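>>> what follows is a predicted structure for the sequence shown.
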Amino acid sequence: MRKIWSLTSVLCLFLLGTNVFAMSSTNYWIPWDNVNSGGSDIGTSTNFSLRDTIGGMAVGTGTSANYSLSSGYRVPEAANTLSYLVKTSNTAPTTYSAFTNGVGGTVTVSSVAGISVGDLIAVVENRGFGQLVAIGRVSSSVGLVLTVDQFEGDGGVMSAAPAGGDDFVYLLNANSFDFGTVSAGVENTNVVGTSVLTNIATGYSVYLQANQNLQNASAQIMAPVTDGTVSVGSEEYGAEVTGATAVDAGTDLSVSTTQRVIQSSGAQTGTISDKVGMIFKLSIISSTNPGVYTQTVYYTLTANY
């Protein structure tokens with residue numbers, strides 16, 4: 001606003017003064033000048049993108065009993081939606097007896113306690129570092145059968161029925177989780193689900209960044225994974241993403257202060273959200289320093305302009 005007001009003030013001075021058609025200095029001379037609105041439609045920097053206009057007339061929405069009018073150059077962009085949900089589980093899972101993948105996928109669980117329409121759920125087969133995960137958003141619940149909008153992740157290679165005692169359904173409705181008491185030689189995991197919905201034609205990206213490495217109060221740091229695989233027998237911590245829009249799927253990524261993209265799409269989502277499962281993995285060894293290790297993880301969603 002200060003720039004615009006400054007230009008207007010200068011224009012007024014030009015009109016009120018005399019001999020204002022030319023400006024000069026020791027080395028330069030401008031015989032004619034004109035002050036106007038304008039500039040690039042899109043301005044960018046390293047971290048930001050701006051679409052701007054100056055001087056729009058009658059911008060906004062007008063309505064009557066039967067009609068609605070949206071006027072102005074940027075009005076269609078104002079109707080853009082960009083929303084997401086990131087949730088994890090910090091409660092005991094339930095078992096399941098049947099699973100069907102895809103749009104309108106279903107899972108038959110042993111208990112629906114606490115699960116509501118709109119919740120994210122994660123179906124996990126063979127819990128552990130090599131587990132398969134399908135993420136869905138509950139659209140209906142009839143008896144013990146949960147129907148979701150669409151399962152995304154590893155559902156295409158998951159079994160229609162569990163074959164062991166390590167298959168579970170997790171309700172993802174929490175903002176934090178803990179691994180509990182961990183021991184050497186044990187595969188410690190937890191699941192986070194993301195759900196992104198947008199009508200922006202150029203799509204979106206989801207970034208992950210931690211406030212610190214996983215560490216305790218005395219600054220003993222859990223080693224972040226560097227070789228792409230969190231392995232039993234090593235002190236390592238990381239996460240794997242899975243889903244059609246996951247970035248670097250199938251690789252265990254470090255979760256650190258370095259920002260990284262974990263989910264991205266170059267198109268709008270439509271009416272069904274894009275979902276990604278993120279499997280956090282932790283392995284310790286007998287010489288790992290004891291203590292309570294903590295970390296805060298930030299998820300950032302941006303439009304691809």
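On my side now, so go ahead.

>>> for the spatially most central residue of the chain, give the beta-bridge partners.
The centroid of the chain falls nearest to Val206 when counting by CA atoms, centre = their mean (3.6 Å). With DSSP bridges as the criterion, Val206 is bridged to Gln263, Leu301.

>>> what does the pLDDT read for it?
What the model reports for Val206 is a pLDDT of 95.

>>> could you do Leu13 as well?
The score at Leu13 is 31. That number is its pLDDT.

>>> surely the residue nearest to the centre of the chain is in contact with Arg260?
No: under the criterion of CB atoms under 8 Å, Val206 is not in contact with Arg260, lying 10.1 Å apart. For glycine as for every other residue, the C-beta is placed from the backbone atoms N, C-alpha and C.

>>> ok, now which ones touch Ser218?
Listed by CB atoms under 8 Å, 6 or more residues apart in numbering, the contact set of Ser218 reads 289, 291.

>>> which helix or strand contains it?
Using DSSP states H and E, Ser218 maps to neither a helix nor a strand.

>>> what's Val276 in contact with, if anything?
Shown in contact with Val276 (CB under 8 Å, 6+ apart): 135, 152-153, 193-194, 206, 241-243, 245-246, 262-263.

>>> now with 6 Å, please.
If you count contacts by CB atoms under 6 Å, 6 or more residues apart in numbering, Val276 has them with 194, 241, 243, 246, 263.

>>> what bridges to it?
According to DSSP bridges, the residues that bridge with Val276 are Thr194.

>>> which one of the contacts of Val276 is nearest to Ala184?
Val241 (26.3 Å; CB to CB).

>>> can I assume that closest one is in contact with Arg260?
No: using CB atoms under 6 Å, Val241 is not in contact with Arg260, being 10.1 Å away.

>>> so those two - more neighbours on which side?
Taking neighbours as other CB atoms under 10 Å, Val241 and Arg260 compare with Val241 leading, 26 against 13.

>>> tabulate the CA atom coordinates of the helix or strand harbouring the more buried one in PDB.
Secondary structure assignment for Val241, by DSSP H and E: strand 236-242. Provided in PDB are the C-alpha atoms of strand 236-242 (Å, rounded to 0.1, in the frame of the first residue of the first chain):
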ATOM      1  CA  GLU A 236      18.500 -46.300  13.500                       C
ATOM      2  CA  TYR A 237      15.400 -44.200  13.200                       C
ATOM      3  CA  GLY A 238      13.500 -43.200  10.100                       C
ATOM      4  CA  ALA A 239      10.200 -43.500   8.200                       C
ATOM      5  CA  GLU A 240       8.800 -45.000   4.900                       C
ATOM      6  CA  VAL A 241       6.000 -43.500   2.800                       C
ATOM      7  CA  THR A 242       3.600 -45.500   0.700                       C
END
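
>>> where in the protein is pLDDT low?
Scanning the chain for pLDDT under 70 picks out 1-23, 30-42, 47, 49, 51, 54-61, 68, 70, 72-79.

>>> residue boundaries of the helices in it?
2-16, 75-78 (DSSP state H).

>>> if we can go back for a sec, now the contacts of Val276: which count as buried?
Neighbour-count burial (16 or more other CB atoms under 10 Å) applied to those gives 194, 241, 243, 246, 263.

>>> what's the spacing between Cys221 and Leu253?
For the record, residue 221 is Ile, not Cys. For Ile221, the distance to Leu253 (CB to CB, to the nearest Å) stands at 17 Å.
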